[in-house]
Every structure is written in C-alpha cells, then in structure tokens.
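Novice: here is my input, please return the structure:
(one chain, ligands or ions: 1)
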Amino acid sequence: MLKTVAVIPGDDAAPEAMRPVVALLDSLNIGLHWQYPEVGEAAEARTGSPFPAAAKRTIDAADTTLFGSTSGKSGAALHYLRWGKETYANVRPCRYLPGCASPLRDPAGIDFVIVRENLEDLYVGVEGELQELAPLNLAGRTIRKPVHAIGHGRYAVKAITREGSERVVRFAFELAQKRDGRRKLTCATKHNMLRETDGLFLDVARAVAVEYPDVEFESFIVDDFACRMIREPRQFDVVVMPNQYGDILSDAAGGLVGSLGLAASGCFGADYAYFEPAHGTAPDIAGRNIINPTATILSATMMLEHLGFATHARNIEAAVARVYAGGQTLTPDQGGSASTTEFCDAVARAL
Ligand code: ATP
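Specialist: Residues are numbered from 1 along each chain as shown. Next up, the predicted model:
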C-alpha cells in the first residue's frame, strides 16, 4: 500500500535531523512516497507567498505530513496544519530510554503521554490594548475594578469551548484505553483561579469520565501536577491539559527524561494528522550536524503507526532504544560526541 507523506524539513538545524530520518524510513522499502511542498522563504521568493496554493494542495493530497520545526515564514504552513486541518489533539509521549541523560537519579519506568489541546486557550491569538476593552467595562473578579482601569497594557483572550474540550478529552480517554499503561487519565487545569475557562475544561472532563468507567480519572491543579510530574512521574499514564499548560509541561517532560531532543509529537484531527518533533529549530547549533534526531525519529514512528506500519514503528523504536542502551553513539546533548548522521547510521545498523 503506497502512502504519500508531505515533508517540510523546517528551518535552522531542523532539516539536519529530517534528512537522515527520511533516508532511514526510505530504507524500509514499505512504499512511502515523499512529496516536498515548497513553503517559507523559498516559496515566497518564487511565488510571492510563503504558503502558496500548490503547497496546500500537496498537504491535502498526502496521507500525512512530517514537519520539521520552523521559525519565521514556514509558520504559515504550520498554521494550516494545525488550525486549517483542525488537528486538535497534540500527543506528546514522555518515555525514558535507558542510556538517556535524565537529570533524575532513578528515571527508569517513566512512560506517560501528554495530550495537549492544540487549537484553543490563549493560542487563539487575540491580543490587544487594555483600553480597547473600556466599552465593555469588564470588572475583574480578583482586581475588583474594570480591567481597562488597571493601567496601560495589553490583554490576551483565553478561549475554551465545550466542544473543543470534549473532543480532546475523549481522544485522551481513548488513548488511555488503547495504551499498554495504567489505564488512567489525569486532567491538569488552573480551575481554582480560572473558574470559567479551565473550570469548563475540568467540568467537561468529569462529565466525559462517566462514559469511560474502565479508565481511572483524576484531576490536579496544574501547578500541583507540575510538582508531581517531577517527584512521581511514574504515577501518570495519559494527561490531558488545555493548550498552554500542555505546551509548557511537555517541554518540561522532555527535560525530565533527558532532553528536548527526545520529545516527539503527533497532532491528530478528525480526518488529518501530522507529526513534528516538540522542540524548536535549535538555531544555536544549526550547521554543525549535531542536532539530536531522536525526537524526529520518534515522531516518524508515530507517523508510521498512524499509516498502518505499527510493526516497523516498533522495530525502529527498539533500534533507538538499543543505541541508547549501548551508549557509544550519542549526540552531544546526551553527553556523547556523535554527529546527527552517525546517530542515524547507528539506528539503521541496530535495525
Ligand atoms: P521554540 O520556541 O520554537 O520551541 P526555542 O528557541 O524556544 O524554540 P529550541 O529551538 O527547542 O527552543 O531550543 C532550545 C534549546 O534546546 C537550544 O539550546 C537548542 O539547541 C536545544 N535543542 C532543541 N532541540 C534539540 C535537539 N533536537 N538536539 C539537541 N539540542 C536541542
């Protein structure tokens, strides 16, 4: 079965991880067909748009997209993959592989997944001058005076919908059912301060929980969760959070097991999914062939599973685990001196 993958290699150091990972997947000979939509600065120079219609068509026609991290102008493509394709559930696994440079004394057995709501919350991108709110005369519950009267400054809108919360919570419950884990869903919100918004997210999660009696449900205030995630990470299986907390805490979870360079992610919607490492473009190490490609490899294995190649995905994950366990060919962020391509070659040999 031929599957088409749109590849956007990304910016700065990201393509240095993406290129050998595509080569690794190609070597499987499982009928993956790669398409490279032209986006970002190159597309703008040639067509006048950083995200031309042809790139959108390529993404639409592909079975999925593998996306390197972007900065600047390739962001328009990311915007389309996220809000255009309504990929509402951002799945970010946090699993310790023996040999990774975790800062914890005993990281063995850490294996949980953060499901971050991907479209709403503070990231709806509505910000402005506080004075614009004067006609609304919005009285703050905590400051007890109209919000525009606090001083000169800016506001941001945090939008949480019932529908958006329900679909991501259901997704997280179903993941907890499918996963070979503790069958537990943890919800983390700041509902004590944000009663209307995070309160709604938690209310929805509690209501949906009744429909999944086979999955244990618990909730924590997000700051308490952050502490528990570091003190007792093995307690967690699947964790669902509004967008901003999920964004921040999944990077922290990457640090917990060893590096941002290990943190994979997949973004799922009703009829499209795309896959991207959770880290940024690592501009400080661009051009040196030392970016850790593990996050890109593990995002690619999530993609393989989504495309129906679960066995190949497991085989590659096992090969990555063997390279870490061997400890001979690790990238500098993991305390080694191997290059990105040497790491990928070691994974290919382990396969
Ligand atoms: P963004 O805002 O897009 O998340 P950022 O600039 O905050 O990006 P990153 O680009 O993720 O953050 O980089 C943060 C630090 O982590 C940098 O020092 C970078 O070199 C390092 N880093 C990120 N990803 C990797 C990786 N895959 N391998 C090694 N180091 C990495």
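Novice: could you use CA atoms for every contact and neighbour count after this?
Specialist: Fine.
Novice: buried stuff in stretch 132-141?
Specialist: L133 (16 or more other Cα atoms under 10 Å).
Novice: can you give me the end-to-end span of that stretch?
Specialist: This stretch, stretch 132-141, spans 19 Å end to end (Cα to Cα, to the nearest Å).
Novice: any idea how far it is from the middle of the chain?
Specialist: Relative to the chain's own centre, stretch 132-141 is displaced by 35 Å; criterion: Cα atoms, centre = their mean, to the nearest Å.
Novice: one more: stretch 242-261?
Specialist: With Cα atoms, centre = their mean, you get 9 Å for stretch 242-261.
Novice: so is it next to the ligand?
Specialist: Yes. Contact of stretch 242-261 with the ligand (Cα under 6 Å from any ligand atom) involves L260, G261.
Novice: dump the C-alpha coordinates for that stretch into PDB.
Specialist: Provided in PDB are the C-alpha atoms of stretch 242-261 (Å, rounded to 0.1, in the frame of the first residue of the first chain):
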ATOM      1  CA  PRO A 242      -5.500  23.000  27.900                       C
ATOM      2  CA  ASN A 243      -3.200  24.300  25.200                       C
ATOM      3  CA  GLN A 244      -0.700  26.500  27.100                       C
ATOM      4  CA  TYR A 245      -0.100  24.200  30.100                       C
ATOM      5  CA  GLY A 246       0.400  21.300  27.700                       C
ATOM      6  CA  ASP A 247       2.900  23.200  25.600                       C
ATOM      7  CA  ILE A 248       5.000  24.200  28.600                       C
ATOM      8  CA  LEU A 249       4.800  21.000  30.600                       C
ATOM      9  CA  SER A 250       5.500  18.700  27.700                       C
ATOM     10  CA  ASP A 251       8.800  20.500  27.100                       C
ATOM     11  CA  ALA A 252       9.500  20.100  30.900                       C
ATOM     12  CA  ALA A 253       8.600  16.400  30.500                       C
ATOM     13  CA  GLY A 254      11.200  16.200  27.700                       C
ATOM     14  CA  GLY A 255      13.800  17.600  30.100                       C
ATOM     15  CA  LEU A 256      12.700  15.000  32.700                       C
ATOM     16  CA  VAL A 257      13.800  12.100  30.500                       C
ATOM     17  CA  GLY A 258      16.900  13.800  29.200                       C
ATOM     18  CA  SER A 259      16.500  16.500  26.500                       C
ATOM     19  CA  LEU A 260      14.100  18.400  24.300                       C
ATOM     20  CA  GLY A 261      15.800  16.400  21.500                       C
END
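Novice: now the most centrally placed residue in the chain, nearest residue through space, not along the chain?
Specialist: Nearest residue to the geometric centre of the chain (Cα atoms, centre = their mean): S265, 3.8 Å. Nearest non-adjacent residue to S265, counting by Cα to Cα, 6 or more residues apart in numbering: R92, 4.6 Å away.
Novice: which residues does that neighbour form beta bridges with?
Specialist: I114 (DSSP bridges).
Novice: pretty sure it is touching S250, no?
Specialist: Yes. Look at R92 against S250 with Cα atoms under 8 Å: they come within range, at 6.6 Å.
Novice: quick check: neighbours shared by those two?
Specialist: By Cα atoms under 8 Å, 6 or more residues apart in numbering, R92 and S250 have these common neighbours: I114.
Novice: those residues of the stretch 201-350 of the chain touching the ligand, which are they?
Specialist: Taking Cα under 6 Å from any ligand atom, the part of the stretch 201-350 of the chain that reaches the ligand is made up of L260, G261, H279, G280, T281, A282, D284, I285, I291, N292, P293, D333.
Novice: now list the buried members of those residues.
Specialist: Buried members of those, counted by 16+ other Cα under 10 Å: L260, G261, H279, G280, T281, A282, I291, N292, P293, D333.
Novice: so which of those are in strands?
Specialist: Using DSSP state E to define strands, no part of those is located there.
Novice: and the furthest pair within the residues of the stretch 201-350 of the chain next to the ligand?
Specialist: The distance between the two most remote of these (Cα to Cα) is 15.5 Å, for D284 and P293.
Novice: please enumerate the helices of the stretch 101-250 of the chain.
Specialist: 162-178, 197-209, 222-231, 243-257 (DSSP state H, counting those that start in this stretch).
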